[in-house]
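A.B. asks: I need the structure of the sequence given here:
(4 chains)
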2 protein chains.
Amino acid sequence: MPDSAIRPRKEFGKTIAADITHRLREEIVTCSLAPGEPLRFDVLRERFGASFTTLREALTALTAEGLVDAQEQRGFRVAPVSRQDLVEVTDARVLIEVELIRRSIQRADDDWEIAVISTLHRLKRIEQRDPEHPLRDPEWKIAHRQFHQALVSACGSATLLAIRAELFDRAERYRHLSANFRPRPRDKAGEHQAIMQAAISRNADLAAQLIETHIRSTADNVAKYAGHLLEAE
Amino acid sequence: MPDSAIRPRKEFGKTIAADITHRLREEIVTCSLAPGEPLRFDVLRERFGASFTTLREALTALTAEGLVDAQEQRGFRVAPVSRQDLVEVTDARVLIEVELIRRSIQRADDDWEIAVISTLHRLKRIEQRDPEHPLRDPEWKIAHRQFHQALVSACGSATLLAIRAELFDRAERYRHLSANFRPRPRDKAGEHQAIMQAAISRNADLAAQLIETHIRSTADNVAKYAGHLLEAE
DNA sequence: AACGATATGATTTTCGAAAATGCCCGTAGC
DNA sequence: GCTACGGGCATTTTCGAAAATCATATCGTT
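C.D. replies: As a prediction, this is how the structure comes out:
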């Protein structure tokens, strides 16, 4: 069927609202929409070409994910950032991600192992090609997300995976926040490699510890380089 | 201001959408709307007296909470129940609730202690008054929720508390599911009392262990008495 | 009879106008 | 000068009609 022309209005089988939710989430996570920024309907209407109600639905969904802040009767705004929130998100991520990687290693099968190895491989290829500021590269971002996703994918709990995904997005926003101020990316490649090796060799304790360090040091970096952005009340 | 007449359309300062979300959540958690039941707009419109879009917003919010299942282009339905989901929710609750009670005990202050004691006191008073099938008593439900809430309230993480609250609701739905088939409520009063004592005496290990047992045995009871409802695919 | 295409009805999804609400500023009263 | 009140404007929130999509029944062909 001719779903037409230059730009398909939405992906096949999806509602416009779901599509807008996706695009809005992306813009918020990448800080293309700045933390605390008011989300007025006129502006969003123009930017996304959807009606009030459709936008409202998307904003409601993102509110539940902690990326948007709903102020009843006074509209929406991008969820503000703060040191406290960064600490909470980091703590929650450690708690859950450590548990999930343990469960994944315990229940690991061939598919899991293949997924971990291949996603890391792709990540490294992308890093080789363009070693500067990887967060600016959408491909790196996707590959990075998929590697971490693969690590926990065998945990067996869709419930916890959904929570993890939400926290990952909230943390990624902080990473983007600091990316513009960080002089050089630290050596994540080595950390990823070490995590993969621990996971593949079924060393759950080591993998858990490495993941915790990985998450915490990333957060520390954010606090270090974007600290000045975390004070606004 | 005359916000009028017989029945206020919504609570003060709240949007209709938020109000509907609240009422819908209540009906789903109490299984007044049965698991898997399709949520058609005509029906909801009549029942809640709101328009398509307002209802849609509420359903979207509840979808994010895991209480509603959105089937794109084919409407919404009450999230189905299953053994697997019950296990996941129980596991996730244990993971988070145990951690939160530890943190709460560690950071405990006077307000926390008072809240724990007084919420348990109210719970016991209600149980004395009407010892049969407490889940049918809305007051008991609220008091029960508030006691468990108080226990973890000092943990210091709004992020984890929000996740905990979501899981609590999902678990409560399973409790309601089995309430109609359970011959007699088991002795929860004693368990609550023991948890309170462990918490007040700052015995984090014991409190954590008691909470875990409490959550798991509740789930076991659900599986036992509502097992026949958890099979539908 | 079995299968596929197509029309028809039911339901969801989207839209922009209309109502409700909050905000800002100017004015009055103390 | 300062606070309280009220009008007008900006913005959000709600509504029901209209468009889009899905499910079902009907019909024609093999």
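A.B. asks: so A:Ser82 makes contact with A:Leu230?
C.D. replies: Yes. Counting by CB atoms under 8 Å, A:Ser82 sits close enough to A:Leu230 to count as a contact (5.7 Å). In short, each C-beta sits where N, CA and C put it, glycine included.
A.B. asks: neighbour-wise, which of those two wins?
C.D. replies: Counted by other CB atoms under 10 Å in any protein chain shown, A:Ser82 and A:Leu230 do not tie: A:Leu230 has more neighbours, with 19 against 16.
A.B. asks: Tell me who's in contact with that one.
C.D. replies: Residues near A:Leu230 by CB atoms under 8 Å, 6 or more residues apart in numbering or on different chains: A:Val81, A:Ser82, A:Arg83, A:Leu86, A:Ala223.
A.B. asks: Please tell me how far it sits from DNA strand C.
C.D. replies: 25 Å (CB to the nearest atom of the strand, to the nearest Å).
A.B. asks: Not counting sequence-adjacent ones, nearest residue to that residue?
C.D. replies: Nearest non-adjacent residue to A:Leu230, counting by CB to CB, 6 or more residues apart in numbering or on different chains: A:Arg83, 4.7 Å away.
A.B. asks: what's the burial count for A:Thr21?
C.D. replies: Burial of A:Thr21 is recorded as 22 neighbouring residues (other CB under 10 Å).
A.B. asks: pLDDT wise, what is it at?
C.D. replies: We have a pLDDT of 97 for A:Thr21.
A.B. asks: what does A:Glu127 give?
C.D. replies: A:Glu127 is assigned a pLDDT of 89 by the prediction.
A.B. asks: Wait, it touches A:Asp137, no?
C.D. replies: No. The criterion here is CB under 8 Å, and A:Glu127 misses it with A:Asp137 at 9.1 Å.
A.B. asks: Of these two, which one has the most company?
C.D. replies: Per other CB under 10 Å, whichever of A:Glu127 and A:Asp137 has more neighbours is A:Glu127, with 19 against 16.
A.B. asks: what residues are up against that one?
C.D. replies: A:Pro134, A:Trp140, A:Ala189.
A.B. asks: One more pass at 10 Å, please.
C.D. replies: A:Pro134, A:Asp137, A:Trp140, A:Ala143, A:His144, A:Pro185, A:Lys188, A:Ala189, A:His192 (CB atoms under 10 Å, 6 or more residues apart in numbering or on different chains).
A.B. asks: Among those, which one lies nearest to chain B?
C.D. replies: Relative to chain B, the closest of the contacts of A:Glu127 is A:His144; by CB to the nearest CB it sits at 22.3 Å.
A.B. asks: what about that closest one, how many residues close to it?
C.D. replies: Neighbourhood size, A:His144 [other CB under 10 Å]: 23.
A.B. asks: Pick out the residue of chain A closest to DNA strand D.
C.D. replies: A:Gly75 (3.1 Å; CB to the nearest atom of the strand).
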